[in-house]
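**Q** Need coordinates for the below:
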Amino acid sequence: MKRIRDVLFAFCVLLTNQTFSQNSNSIHSIEYDKGWFFSMGGGLQISGIKSEDFIRTNVSPAFVVNTGKWLIPEVALQIGYQGFYFHTISDNSKHYYNFFYGEALFNIHELLNSEKISTARWNIVLHPGAGYFYNCFYNRPNICANLGVINNYWMLNQLELFVDISAIMGWDIYQENEDILPSIVWGLNYFF
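**A** Below is the predicted model:
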């Protein structure tokens, strides 16, 4: 698992470097012209971030659906859903949950770009937020924070590929103290 974590970190660093060096392969982005977007993706999640949490039996699928609007090139708002279940190292059960959230999106490339022209195929988006987490295993609700970094790549005029590395953070999600559910999700954004 340490090797997978190192590969994911190297991949993110590579994508970040690509973001700020893609001016030669420029395109005109319609991302902010149309504003509205819908995204869907799937990936992997685990419960916890300690070294003992990185075992195969703790890995579970992650599913996300989002919709939102870019207000200006630097800032967007979105609402979304993440689910369906996670594993823990303390038992073999599927801990079903539903997480509905709202987030602000900050396009780091646009914030740092002094020319304010969207020309890169890659961009990095920071997305902090919070939401309603319902743990079906314990039959109780919780308010949790969500924080992540999205790396977007323009494929076609209205279609974007993304990799989202994020985490749901809260109190007593699964072990009666500070808990975290990190995930990595791949998916598509559609702009309309």
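
**Q** residue nearest the centroid of this structure?
**A** Among the residues of the chain, the one closest to the centroid is residue 164, at 3.4 Å (Cα atoms, centre = their mean).

**Q** Please name the bridge partners of that residue.
**A** residue 150, residue 185 (DSSP bridges).

**Q** I figured it was touching residue 147, is that so?
**A** No - the criterion here is Cβ atoms under 8 Å, and residue 164 misses it with residue 147 at 11.0 Å. Where you see a C-beta, it was placed from the backbone N, CA and C, and this is true even at glycine.

**Q** Between those two, which contacts overlap?
**A** Listed as contacting both residue 164 and residue 147 by Cβ atoms under 8 Å, 6 or more residues apart in numbering are residue 127.

**Q** Helix or strand with the lowest mean pLDDT in the protein?
**A** Lowest on mean pLDDT, DSSP states H and E among the helices and strands of the chain sits helix 2-19, with a mean of 48.

**Q** Centre of the chain to the helix or strand containing residue 44, how far?
**A** Take DSSP states H and E as the rule and residue 44 turns out to sit in strand 36-45. Offset of strand 36-45 from its chain centre (Cα atoms, centre = their mean, to the nearest Å): 8 Å.

**Q** Please identify the buried residues of it?
**A** Residues 37, 39, 41, 43, 45 are the ones in strand 36-45 that count as buried (16 or more other Cβ atoms under 10 Å).

**Q** Let me have the residues you listed in CSV, extended by pLDDT.
**A** Converted to CSV, the buried residues of strand 36-45 look like this (pLDDT from 0 to 100):
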residue, pLDDT
37, 96
39, 97
41, 98
43, 98
45, 96
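
**Q** Reformat the residues you listed as JSON lines; add distance to residue 81.
**A** Below are the buried residues of strand 36-45 laid out as JSON lines (distance: Cβ to Cβ, whole Å):
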{"residue": "37", "distance to residue 81": "15"}
{"residue": "39", "distance to residue 81": "11"}
{"residue": "41", "distance to residue 81": "11"}
{"residue": "43", "distance to residue 81": "14"}
{"residue": "45", "distance to residue 81": "14"}
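
**Q** Pull the most distant pair out of these.
**A** The largest distance within those, taken as Cβ to Cβ, falls between 37 and 45 and amounts to 22.7 Å.

**Q** in this structure, which spans are helices?
**A** Along the chain, the segments classed as helices by DSSP state H run 2-19, 31-34, 108-112.

**Q** which residues sit in contact with the residue nearest to the centre of the chain?
**A** Here residue 164 is in contact with 41, 43, 64, 127, 148-151, 183-187 (Cβ under 8 Å, 6+ apart).

**Q** Same question for residue 143.
**A** So residue 143 contacts 130, 131, 132, 133, 170 (Cβ under 8 Å, 6+ apart).

**Q** which residues does it bridge with?
**A** When assigned by DSSP bridges, residue 143 has beta-bridge partners residue 132.
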